[in-house]
Each structure stands twice: as C-alpha cells, then as structure tokens.
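In: Give me coordinates for this.
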Amino acid sequence: MTIDTLPSEPNPLASRRDFLKLAWAGLGALALVETGAMTAVFLLPRVAEGEFGSLVTAGPVDEFPPNSVTPFNQARFYLSRLEDGGFLALYRKCTHLGCSVPWEQPERQFVCPCHASAFDARGEVLNPPAPRPLDLFPVIIEAGLVKVDTGTVIRRDKFDPSQVVYA
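Out: Alright, predicted model coming up:
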C-alpha cells in the first residue's frame, strides 16, 4: 500500500476545536438570554394586587364600624371610618419629613415618631411641624366592598367634606 491510498484518519484536534466553538457559542447565547431576562424583570413593574401601588380590596363596608381606624400595612394606608359612616384612606406618610405615622388608639390620633406631629382621624394636623393634612388615596365602594387605589396619591392642603366617600 502506498501513502496515497492509506485511508485518512479523522483529525481529533479538528473535532475538539469544533466542539469547543459550539460550547462557547452556546454559553454565550445562554448568557445573553439570562441578561435579557434579568433586565426585563428589573424594568417591569412588580405590583401585586393588594399591595402598595395597586387597587386594594379592604373588605365589606360592614366590617368597619363607624369611628374606627384600620391599618393596612402592606398597602401603606389607614382606612378611617368617620362617625357619620364616611370613609377616608389616609396615606401613612407624615407630610413633614415622610416618616411613617402610627395610629395611637388611646389618644385617637396619629403621632409621628420623628418630630411629634399629630393628626386626627380625618388626617388633619393637630400638632405641627407637619405643614398640611395627611395625603389621601381614592376610595371606591363597589357592591358593598371598600376598595382603595394606592397607585394614586391625593395631595391636599386642608380637609374638605367632599373628600369623604359614603357607602
């Protein structure tokens, strides 16, 4: 047999090289897909129903007795039912420096822990330095259910009876 007639053996380096090219191309494509997915998750809003920034169903109207304040911590508001049966959804952020104001049941007022601003059940300023009443969220009463739109903050300079929503 002459050299010209010998069967050629496959070159193991060529197949290894091809394998590595494919492996690197696959890993690069996977990295691009993961980067794109992470970017999409980062940019898309993550508002879940019932949380801050969405429409929150607070519950049936009858669940809230007149002259009561109910906290909704996940949604960052207090649902205040006034003596006359009307509803206000008060943002729990103080209008002075933005501290979270807790409802103090014995005193029947919101007291800011940062600078002692105080607000009544309608959100009106009882004790400065807060410059204006607590902000509101729109309240919607539908089929006997109280719903609050925490995606829309209503800034106000004073209490107005038209801000109260009745069932």
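In: all strands of the chain, in order?
Out: 55-60, 68-72, 77-81, 87-91, 103-104, 109-111, 118-119, 125-127, 136-137, 139-142, 145-149 (DSSP state E).
In: okay, these in CSV with mean neighbour count and mean pLDDT next?
Out: From N, CA and C alone the C-beta is placed, and that goes for glycine too. Listed next are these as CSV, based on neighbours: other CB atoms under 10 Å; pLDDT from 0 to 100:
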stretch, mean neighbour count, mean pLDDT
strand 55-60, 17, 93
strand 68-72, 17, 96
strand 77-81, 24, 97
strand 87-91, 23, 97
strand 103-104, 16, 96
strand 109-111, 20, 95
strand 118-119, 20, 96
strand 125-127, 15, 95
strand 136-137, 24, 96
strand 139-142, 15, 95
strand 145-149, 19, 95
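In: Please tabulate these in TSV, including the columns distance to Ser15.
Out: Converted to TSV, the strands of the chain look like this (distance: least, CB to CB, whole Å):
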stretch	distance to Ser15
strand 55-60	60
strand 68-72	64
strand 77-81	66
strand 87-91	67
strand 103-104	73
strand 109-111	74
strand 118-119	76
strand 125-127	79
strand 136-137	66
strand 139-142	68
strand 145-149	63
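In: what's the nearest residue to Ile154 if we skip its chain neighbours?
Out: Leu136 (4.2 Å; CB to CB, 6 or more residues apart in numbering).
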